[in-house]
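> Sharing a sequence plus its predicted fold:
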Amino acid sequence: MVRRLGLIFLLVGILSGNVTAQENNFGAGIILGEPTGLSAKLWMDSTKAFSAALAWSFVDESSLHMHLDYIEHKFNLINVEKGRMPFYYGIGGRIKLEKNDPRLGMRFPLGVDYMMEDVKLDFFFEIVPIMDLTPKTEFNMNVAVGFHYSFGNLINMPD
């Protein structure tokens, strides 16, 4: 059952990303750390976005990890000479398909995202406290770095 939900989650994410890539600011790239795999980001407006990953977790039993987060960006906290570096925070969910112990949990991402000035690339670093809800309640942590290449039109970001 959990594996079927995971496949549905993956298909919906891939299809919605392909449909909206040319109309919105959609980015795809890599996430490295815990987890490691493919990452995507879809901006809803100049400060709000959905961030997702289809990745592999190497903690405990190696397993497929999928997450989807709603994140908000604060652009005025960190100043850089070129580009932008917003702080972001949010809430989301994850499915971790361990062999004997599939997990469903809530994520609370905290991170920074360096957006290059003249190139459609952004680099991120995040720390994510996790509260697994099944099969038992327990707390975990993800830490990762990554990048996205943006497709479509760039949304005007606040100064």
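All right, it came through fine. For clarity, every value in this text was computed on a predicted model and none was experimentally measured. Numbering: from 1, shown residues only.
> Ends of stretch 133-140, what's the gap?
End-to-end distance for stretch 133-140, by CA to CA, to the nearest Å: 11 Å.
> do stretch 96-106 as well
Length of stretch 96-106, first residue to last, CA to CA: 11 Å.
> which of the residues in it are buried?
Buried residues in stretch 96-106, counted by 16 or more other CB atoms under 10 Å: K96, L97, E98, P102, R103, G105. For the C-beta atoms, the positions are set from N, CA and C on the backbone; glycine is no exception.
> before we move on, what about stretch 45-52?
So for stretch 45-52, counting by 16+ other CB under 10 Å, buried means T47, A49, F50, S51, A52.
> what's the answer for stretch 137-145, then?
N140, N142, A144.
> repeat for stretch 66-75
In stretch 66-75, counting by 16+ other CB under 10 Å, buried: M66, H67, L68, D69, I71, H73, F75.
> Repeat that for stretch 104-119.
G105, R107, P109, G111, V112, D113, Y114, M115.
> so how far is that stretch off the chain centroid?
Relative to its chain's centre, stretch 104-119 lies at 7 Å (CA atoms, centre = their mean, to the nearest Å).
> Dump the buried residues of stretch 66-75 into a markdown table; add pLDDT and distance to I130 as well.
Output for these, formatted as a markdown table (pLDDT from 0 to 100; distance: CB to CB, whole Å):
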| residue | pLDDT | distance to I130 |
| --- | --- | --- |
| M66 | 97 | 13 |
| H67 | 98 | 9 |
| L68 | 98 | 13 |
| D69 | 98 | 11 |
| I71 | 98 | 15 |
| H73 | 97 | 21 |
| F75 | 94 | 26 |
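> among those, which are in strands?
M66, H67, L68, D69, I71, H73 (DSSP state E).
> residue contacts, the last one?
Meaning H73. Each residue near H73 by CB atoms under 8 Å, 6 or more residues apart in numbering is listed here: T47, K48, A49, P86, F87, Y88, D113.
> Pull up the gap between M44 and E138, please.
31 Å (CB to CB, to the nearest Å).
> One more: K96?
Relative to E138, and taking CB to CB, K96 is found at 12 Å.
> circling back: in strands, which of the buried residues of stretch 96-106 fall?
K96, L97, R103, G105.
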